[in-house]
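Colleague: here is a sequence with its predicted model. Questions after.
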Amino acid sequence: MTDAHGDHRPEGDTAGPMRPPRPSGGSVQPRRDRREQTRTALLTAAERLWAERGIHGASLDDIAAAAGLTKGAVYSNFAGKTDLLLALMERFTNDRSIDVCDELRAAEEDADTTARSSPRQDTDDHARRIALLLVEFWLYGMRDYAAGWRIADWYAERRAQMASQLETTDGIPPDERATLALALDVGLAFQHLLDPARVPADLYSTGKNLMLGREQC
């Protein structure tokens, strides 16, 4: 027996036109998982290569190859280099890894004294890598006007998050305190990574107390 659409159905079935079976929802989650794994692999590769070579020194082809993927995988997940860059910055926000000085201070507490005396430690050190990337982001934004505005917006969101937990102190409003605290975190980290003996990471605690108050440290 054939229905109005030409589909065959058993004799005696009068329940109306046959409908194609609904696709199983079981395949949706694996696809999402694979997509998330692909994005994670690309972000991890971009973080490492851009820290090592600079944003202009590592192409999207390089990043795809380092992740074991094709360039097509990059463009199926990101609109381009700037979009990938902003996704990486967003990941920093989510895991709070932009707090470079906090990481440096923790690393110093666990590190051997001899290792601490070297201004150029392991290039895979997370705090060093993040500091290098922050420099790269800033340079990229300074050279690319459109990207610069988006990166500036990212910093503004970061400052707003910090300011939302602060109050006016000594006549300094929360947004200004947050701006000074973020500048302290990034600027002191850069100095410490070049000259750890004369710019100890512990100095960050002193500056953070001045900018944010002891209750925030």
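Modeller: Thanks, I have the structure now. Worth saying up front: this structure is predicted, and the values here are computed from it rather than measured. Residues are numbered from 1 along each chain as shown.
Colleague: and this structure, what are its domains?
Modeller: Listed by automatic domain parsing, the domain ranges of the chain are 30-79, 96-216.
Colleague: rank these by pLDDT, which is bottom?
Modeller: Mean pLDDT is lowest for domain 96-216 out of those, coming in at a mean of 77.
Colleague: next one: it to chain centre, how far?
Modeller: Relative to the centre of its chain, domain 96-216 is centred 15 Å away, using CA atoms, centre = their mean, to the nearest Å.
Colleague: and if you look at stretch 54-62?
Modeller: 17 Å.
Colleague: closest to A87 out of the domains of the chain?
Modeller: Nearest of those to A87, taken as CB to CB: domain 30-79 at 6.3 Å. Heads up, the C-betas are built off the backbone N, CA and C, glycines and all.
Colleague: the closest one: end-to-end distance?
Modeller: Using CA to CA, to the nearest Å, the end-to-end distance of domain 30-79 comes out at 23 Å.
Colleague: repeat that for stretch 140-151.
Modeller: For stretch 140-151, the first-to-last residue distance is 9 Å (CA to CA).
Colleague: buried stuff in that stretch?
Modeller: Residues of stretch 140-151 classed as buried: Y140, G141, D144, A147, I151 (neighbour count, 16 or more other CB atoms under 10 Å).
Colleague: now render the residues you listed as TSV, adding secondary structure.
Modeller: Compiled in TSV, the buried residues of stretch 140-151 are given as follows (DSSP: H, G, I helix; E, B strand; the rest coil):
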residue	secondary structure
Y140	helix
G141	helix
D144	coil
A147	helix
I151	helix
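Colleague: identify the farthest-apart pair in those.
Modeller: For the buried residues of stretch 140-151, the maximum inter-member distance is 8.9 Å, found between D144 and I151 (CB to CB).
Colleague: could you point out which element follows the lengthiest helix in the chain?
Modeller: Determined from DSSP state H, the single longest helix within the chain is helix 28-53. Following helix 28-53 in sequence order, the next helix or strand is helix 60-66 (DSSP states H and E).
Colleague: surely L60 touches T82?
Modeller: No: L60 is beyond contact range of T82, at 11.1 Å (criterion: CB atoms under 8 Å).
Colleague: name the nearest residue to E167, ignoring sequence neighbours.
Modeller: Using CB to CB, 6 or more residues apart in numbering and skipping residues adjacent in sequence, the residue nearest E167 is P174, 6.3 Å away.
Colleague: show me the contacts for that neighbour.
Modeller: P174 sits next to A163, S164, L166, E167, T168 when contact means CB atoms under 8 Å, 6 or more residues apart in numbering.
Colleague: tell me who's in contact with V199.
Modeller: L188, Q191, H192.
Colleague: how about TSV for these, with neighbour count, secondary structure and distance to A156 added?
Modeller: Output for these, formatted as TSV (neighbours: other CB atoms under 10 Å; DSSP: H, G, I helix; E, B strand; the rest coil; distance: CB to CB, whole Å):
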residue	neighbour count	secondary structure	distance to A156
L188	21	helix	21
Q191	13	helix	24
H192	26	helix	25
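Colleague: any buried residues in the helix or strand containing L139, and which?
Modeller: For L139, the element it lies in under DSSP H and E is helix 126-143. By neighbour count on 16+ other CB under 10 Å, the buried set for helix 126-143 is A127, R128, R129, I130, A131, L132, L133, L134, E136, F137, Y140, G141.
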